[in-house]
Each structure stands twice: as C-alpha cells, then as structure tokens.
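>>> missing the sequence, but the structure's below:
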Ligand code: HSE
C-alpha cells in the first residue's frame, strides 16, 4: 500500500523533530501502522530554511492553504500555535476532509467544542496527544488505557518551565525573579514567559485532561488560574520544614455534594501553587520534567512521568497520533475513539465549580507582631469558622529572610496548616485575620493537597 501523505504546517522545533523521527524510524513505524507515513509537503514562512531541513524531496511552500488544498494530503499537522491563524487553518483542513494532528493546547482548550463538532460532522479525526505533557502519552492513557474507570481526580506537573523555576528556588533558596532570569538565560523560559509563569499553559492542559476524564466540554474559561510569581523563597523553606514541597499543579476532581461542607456536585478545575507531601513520588519530579497522577476507582493511583516539551519528545506524541489515524482512517467514524473519550451524545453537563466552592486544605503564613495573645486570636478565628488546624509552626521573621527589624516591634512568622474546608469559608477567615492589628503584612495562602 502506498504511504499515507502528511502535510506539515510550521516546521519549528517540534516540526523538525517530527520530520526527523519519522525518517529515522520509518521502518519500525510502518510495521506498526501497516503502511508508510510520509511528510510530503511543508508550509513555513521561512521557505529556504524549511527546504534545507527537509531536503529536496519534499515540497515546501509559504502558504499553508496550499497544503490544505492538496488532494493527495490525508493528514494535516498543525504546529503553528495560538488561537489566530491556527484556528482558521484547522477548521479549513477539517472542512477539506483532512484529519488533523495538533500540539495546540491553547486552541483546543478555548475552541475545542467548535473544532471537535466540526470534525465529527465531517467524519475526520482531530488528535492532540502532543498538546498535554509533551512526550507523556497521557491522553491515550486517560482516553483508552483507563477507560474502565470512573476517574476521581487528576493532579499534574504539566508545565516544565515553572517546575524548573520552583526546583531552582528550592535548591538554591533564591527568589522567583532571580531564578526566572536564570531560566530565560538557559532557554527554559521564553522572553515573554507570561503563559508559563501565570499558569495559563498548565490550565490549557488541565482543561483538556478534565474534559477527557469526566466527559464534559472543554471549558478553559471556567478554570481557576494562579501562577507562581508571588511565591517567596521563605514559603518554600517553611513548607520543607513541615514535610511538603511546593509545585504548580493542574488539578481536576469529580466532587460529590457534601451538605456538611456546604459544597455541591461538580468538577473542580484549577491551576495554582500547591503544597504536596515530600514523600509522594510526584513531589520529587524536578527540573523541567512533567508528571501526572490519575486516580481511578478500579486501578487506584497511577503516575505518568517524562519530558513535557522538546523537539523529539513532543514529536513522539505527534507521530503516535499519525499512526493512530493511519490505522483508523478507513474505519467507520462511529467505531473510532471519540475525541473526548465519551460519545458526543453522552457528554455530561456537570458544572465546573467556582473557586469559592472548592474543597482543599491550606498553608497560611502570617507575619505578626510577636506579642502575647496573637496566636490565640488567629486560631480563635479559624475555630469559629469551623476550620480545623493540622499543624502550627512559629519562626522568627529574620530566621529565614535574614531581615533584621532593629528598633521595630519584634515580628514573627506564624505558619498554619489546616485540614480541608470550603474556599469561601477560608476567604472569610483570612479577611478576619487580616483585620487584626497584630497581622502586619498580607497573609500568604497556598493550597495543599495530600494526593493520598
Ligand atoms: N511551555 C511549556 C512548558 C512547554 O514549559 O512546559 C509546552 O507546553
């Protein structure tokens, strides 16, 4: 059988990795797919550079629409990124009857409902293994490997840039700004790192995992997103002393209503810095690596670890999608794996809960005047709110920060770990504690997950 022909839109880091791995492993891939898979056409604005990368045997054009219009192309790989032209091209490729492979998490997290509906109507596949956690086959695991399970929760380190920054902050005791500059110099962080450090990239990925895990539409606009920019070295150190590490986690959970906690049925979808017990495997994922923990009712806890970015790791995921499509494109559309794991007519309308209804535990740090009765007032407010305390630590403010408060009221840091409560309840308690005259600075609140 003649090879299936693939058109590539954008030959940057991932595109060139895809081209190279397809060439290098072509025999092995053909034995698996049942026929050869060849990139025969590439669109890139820098035609000369692209032609140099792929050699004379491949047609290179500057106009992506020429690839979509080519009747010999069966699969289009979109590696342009962003919501702009990439969205138009993906929809045009679908309309032209092409199957699409994309690494574009932003596009799918925001416009996935429209794109998957268009693909289903046209009977083509949109595959996106590379969109979440790079080379880790987490989409395949959630959609197929764990299909027997009622998935309960997912928690992942799904942004390598921020994990690198947090690892460095912990190792070297440095503050965020210093490590960000180092990460940029080393190429781990982009010149404009906003999407990574503000948690947006991780929220795109968490949104996709949530949809597949629970059979709900992609709803990035409902995700709670908080990045790592406000984290201080002191909190990382205090967390360590309490047996925890701080990681930026993408979390999604199925939640049953709990009248006692005042919470309703729904799904939690959130990205924020999080304390996790240092003894958990995922707490020990360092540098730019990614890891995802999935809890299913039958399988229990499973952990997936690997490179979340980079040329060939991401190419590995892109090519896995090419092989899937090559195997399945002649199958009746009804017998293919649904885009979001659940049949389109069996999707759930379970709502994404607002952050005020999320149930979690907390790390609080209060910079207080070191005077009699402060701790009693603080713990009294928590008790009054029905929030149970798990641990308390008190440290002289200058013990960690090196600050010396000559001539001032002696200050101390009070660190409190709580048990689970509803976020709205914690918000109210924090507002009350903040109003105490002895609380000298804005209270630091970091959420905590035991991941047990
Ligand atoms: N910028 C992402 C990260 C890689 O740092 O993990 C691509 O998703």
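Thanks, I have the structure now. Since the structure is predicted, the reported quantities are computational estimates derived from the model, not experimental observations.
>>> so for this protein, the centremost residue is which one?
By Cα atoms, centre = their mean, the chain has its centre lying nearest to residue 202, at 2.9 Å.
>>> go ahead and confirm that residue touches residue 248.
Yes: between residue 202 and residue 248 there is a contact under Cβ atoms under 8 Å: 6.1 Å. All C-beta spots, glycine's among them, are computed from the backbone N, C-alpha and C.
>>> what pLDDT does the residue nearest to the centre of the chain get?
Residue 202 carries a pLDDT score of 98 in this model.
>>> now residue 406
The per-residue pLDDT reported for residue 406 equals 57.
>>> count the neighbours of the nearest residue in space to residue 29 that is not next to it in sequence for me.
Excluding the flanking residues, the one nearest residue 29 by Cβ to Cβ, 6 or more residues apart in numbering is residue 37, at 6.0 Å. Residue 37 has 21 neighbours, counted by other Cβ atoms under 10 Å.
>>> show the backbone phi and psi for residue 37.
Backbone geometry at residue 37, expressed as degrees, to the nearest 10, gives phi -130, psi 120.
>>> please report how far it lies from residue 44.
According to Cβ to Cβ, to the nearest Å, residue 37 stands 20 Å off from residue 44.
>>> one more: residue 249?
Between residue 249 and residue 44 the distance, using Cβ to Cβ, works out to 36 Å.
>>> do the same with residue 266
Relative to residue 44, residue 266 is positioned 43 Å away (Cβ to Cβ).
>>> and if you look at residue 382?
Applying Cβ to Cβ, the value for residue 382 to residue 44 is 58 Å.
>>> repeat that for residue 353.
Applying Cβ to Cβ, the value for residue 353 to residue 44 is 43 Å.
>>> ditto for residue 356
From residue 356 across to residue 44, the span is 46 Å (Cβ to Cβ).
>>> who has more neighbours, the two?
Counted by other Cβ under 10 Å, residue 356 and residue 44 do not tie: residue 44 has more neighbours, with 23 against 13.
>>> ok, and the closest non-adjacent residue to the more buried one?
residue 50 (3.9 Å).
>>> who's in contact with residue 261?
359, 420-422 (Cβ atoms under 8 Å, 6 or more residues apart in numbering).
>>> top of those by neighbour count?
With neighbours taken as other Cβ under 10 Å, the top of those is residue 421, carrying 22 neighbours.
>>> my guess is that one contacts residue 383. True?
No: taking Cβ under 8 Å as the definition, residue 421 is not a contact partner of residue 383, at 11.9 Å.
>>> identify the contacts common to these two.
Among the neighbours of residue 421, none is also in contact with residue 383 (Cβ under 8 Å, 6+ apart).
>>> quick one: the strands in the stretch 151-300 of the chain?
For the stretch 151-300 of the chain, the strands defined by DSSP state E, counting those that start in this stretch occupy 151-157, 224-225, 244-255, 266-277, 289-296, 300-307.
>>> turn those into a markdown table, columns for mean neighbour count, distance to the ligand and mean pLDDT.
Below are the strands of the stretch 151-300 of the chain laid out as a markdown table (neighbours: other Cβ atoms under 10 Å; distance: least, Cβ to the nearest ligand atom, whole Å; pLDDT from 0 to 100):
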| stretch | mean neighbour count | distance to the ligand | mean pLDDT |
| --- | --- | --- | --- |
| strand 151-157 | 24 | 9 | 98 |
| strand 224-225 | 20 | 15 | 98 |
| strand 244-255 | 24 | 10 | 97 |
| strand 266-277 | 23 | 12 | 98 |
| strand 289-296 | 23 | 7 | 98 |
| strand 300-307 | 16 | 9 | 98 |
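>>> so which of these gets nearest residue 332?
Closest approach to residue 332 among the strands of the stretch 151-300 of the chain (Cβ to Cβ): strand 151-157, 27.2 Å.
>>> what lines up beside the closest one in the sheet?
strand 244-255 (antiparallel), strand 289-296 (antiparallel) (DSSP bridges).
>>> near the ligand, which residues of the stretch 201-350 of the chain?
Residues of the stretch 201-350 of the chain lying close to the ligand (Cβ under 6 Å from any ligand atom) are 201, 308-309.
>>> tell me which helix or strand in this protein has the weakest average pLDDT.
Between all helices and strands in the chain, the lowest mean by mean pLDDT, DSSP states H and E belongs to helix 397-401, at a mean of 59.
>>> count of neighbours near residue 55?
Burial of residue 55 is recorded as 10 neighbouring residues (other Cβ under 10 Å).
>>> next: the one 4 residues further on.
Using other Cβ under 10 Å as the criterion, residue 59 is surrounded by 16 other residues.
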